[in-house]
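Novice: one predicted model, sequence on top.
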Amino acid sequence: MAFTFCLITSLPVAAQPKPAKPPLELSVQIVSQSYCAINEKSAVLELQLKLRFRNVGKQRLILYKGHDLFFQSKILSAPGNASGPYGVWLVNSRYFDEEIEPIDQPSPGKVFLTLSSGKTWVKDMTIGVGVVDAGMERGDSSIRSGDHTLQLIVSMWYKSRALAQKLREQWQWIGLLWSDPLSSVPIPFGVQKPRIMAPCKSSN
């Protein structure tokens, strides 16, 4: 009688390689906070931000800096917030379809910048979010008083991937065209609606 033996051994799993660190980093600083009153129980908080895009790689980068930029602001209530856990997503966009930008050109035009290794591009930005009192309906775009965190997600490209690849190959002698979104590390900030505030100015 013949016997067949099957030897099962446990082989170590190969360690997964760590993802390569992207050559472009985004950091966000809250420069100032200001409030204006909508009514007795709700207000608008404006955050003046300073965005820093830093080239941490070894290659020059080409960044789009035109007017058709899209930003997402992710605000989360911090652990221990009396209002409990919640999150708010805000979309901040600037889009002007009447003004044609020089995108597809033999070399990067005025809506692009070249960022050398170790250099930083600084951009100012303002975002606004509603603040409501406890007991009021918060909705999807308002927060309450207490501790929060802010994270910014920046879309660095608004055209097609095909065009990005074409220009990346065409401009490679100048630098690498960056077209991937960037996310900042969440930063803490506090919300405390003042008792006395000036009324919000109408946008009309």
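Specialist: Happy to help now that I have it.
Novice: any idea how far the helix or strand hosting Gln72 is from the middle of the chain?
Specialist: Element membership of Gln72 [criterion: DSSP states H and E] is strand 70-77. Relative to its parent chain, strand 70-77 has a centroid offset of 7 Å by CA atoms, centre = their mean, to the nearest Å.
Novice: please name every helix or strand in contact with it.
Specialist: Applying 3 or more CB pairs under 8 Å, 6 or more residues apart in numbering; DSSP states H and E, we find strand 70-77 packed against strand 87-93, strand 120-132, strand 146-155. C-beta: built from backbone N, CA, C; applies to glycine.
Novice: wait, Thr126 touches Leu49, no?
Specialist: Yes - contact criterion CB atoms under 8 Å: Thr126 and Leu49 qualify, at 6.9 Å.
Novice: coming back round to it: Gln165: which of the helices and strands packed on strand 70-77 is closest?
Specialist: Across those, Gln165 has its closest neighbour in strand 146-155 (16.9 Å, CB to CB).
Novice: with just CA atoms, put the closest one into CSV.
Specialist: The C-alpha trace of strand 146-155 is given here as CSV (Å, rounded to 0.1, in the frame of the first residue of the first chain):
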residue,chain,number,x,y,z
GLY,A,146,-15.9,73.2,21.6
ASP,A,147,-12.7,71.7,20.3
HIS,A,148,-12.4,70.5,16.7
THR,A,149,-9.8,69.5,14.1
LEU,A,150,-9.5,70.9,10.5
GLN,A,151,-8.1,69.0,7.6
LEU,A,152,-7.8,70.5,4.1
ILE,A,153,-7.9,68.4,0.9
VAL,A,154,-6.7,70.3,-2.2
SER,A,155,-7.4,69.3,-5.8
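Novice: so in that sheet, which strands flank that strand, and in what orientation?
Specialist: Taking DSSP bridges as the criterion, strand 146-155 forms sheet pairs with strand 70-77 (antiparallel), strand 182-183 (antiparallel), strand 187-191 (antiparallel).
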